[in-house]
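[1] From the sequence below, what's the structure:
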Amino acid sequence: MNPFGVFLIVFGITYLTYSIIFRNKVTIYFKNIKVVKGKEDKYFKMQLFFSILNSSISLIIGGMMVLSSYSSSYSIYMPLIPLLFYLVNFIMKQLGKAKGYIR
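    Residues are numbered from 1 along each chain as shown. A predicted model of the protein is given here:
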């Protein structure tokens, strides 16, 4: 069993739980943004969608690592996780700006 894969699965479940519990608050890594008054609900709905996407990516890649019997899976997936996590959050921030939800 791949311990990093198990870690990603636990991280995905924990992040999904965090996202659902705090769905009506700006997430920790976006504390410096300002949500436009009157558009909070739309922004939080979009934030929840992207958080679920991030959790799903973590769960899928963690599952692939656990099911993979190759030890080289570490080297393939290690740089992929933070890159995808950052990319999804970057897209969310840009989409929020484009729709006028945040400044």
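
[2] Which parts of the protein are helices?
    Applying DSSP state H to the chain gives helices spanning 3-21, 40-67, 73-77, 80-98.

[3] what's the closest of these to residue 27?
    helix 40-67 (6.5 Å; C-beta to C-beta). Every C-beta, even on glycine, is put in place using the N, C-alpha and C of the backbone.

[4] any weak-confidence spans in the protein?
    1, 28-29, 69-75 (pLDDT under 70).

[5] In this structure residue 95 contacts residue 47, no?
    No - applying C-beta atoms under 8 Å, one finds residue 95 not in contact with residue 47, separated by 10.4 Å.

[6] Would you mind telling me which of the two has more residues around it?
    residue 47 (25 against 13; other C-beta atoms under 10 Å).

[7] Could you check how far the more buried one is from residue 40?
    Using C-beta to C-beta, to the nearest Å, residue 47 is found at 10 Å from residue 40.

[8] neighbouring contacts of stretch 45-53?
    With contact meaning C-beta atoms under 8 Å, 6 or more residues apart in numbering, stretch 45-53 is reached by 15-16, 18-20, 23, 26-27, 30, 88-89, 91-92, 95-96, 99, 101.

[9] Was I right to think residue 35 contacts residue 26?
    Yes - Residue 35 is within contact range of residue 26, at 6.5 Å (criterion: C-beta under 8 Å).

[10] one step back: please identify the most buried of the helices of the chain.
    Greatest average neighbour count among those goes to helix 40-67 (a mean of 17), per mean count of other C-beta atoms under 10 Å.

[11] chain center to it, what's the gap?
    Counting by C-alpha atoms, centre = their mean, to the nearest Å, helix 40-67 is centred 5 Å from the centre of its parent chain.

[12] how big is the angle separating it from helix 3-21?
    For helix 40-67 against helix 3-21, the angle by axes from the mean of the first three to the mean of the last three C-alpha atoms, to 10 degrees is 160 degrees.

[13] Quickly note the distance from the residue nearest the centre of the chain to residue 8.
    Nearest to the mean C-alpha position of the chain, counting by C-alpha atoms, centre = their mean, stands residue 54 at 2.8 Å. Residue 54 sits 11 Å away from residue 8, taking C-beta to C-beta as the criterion.
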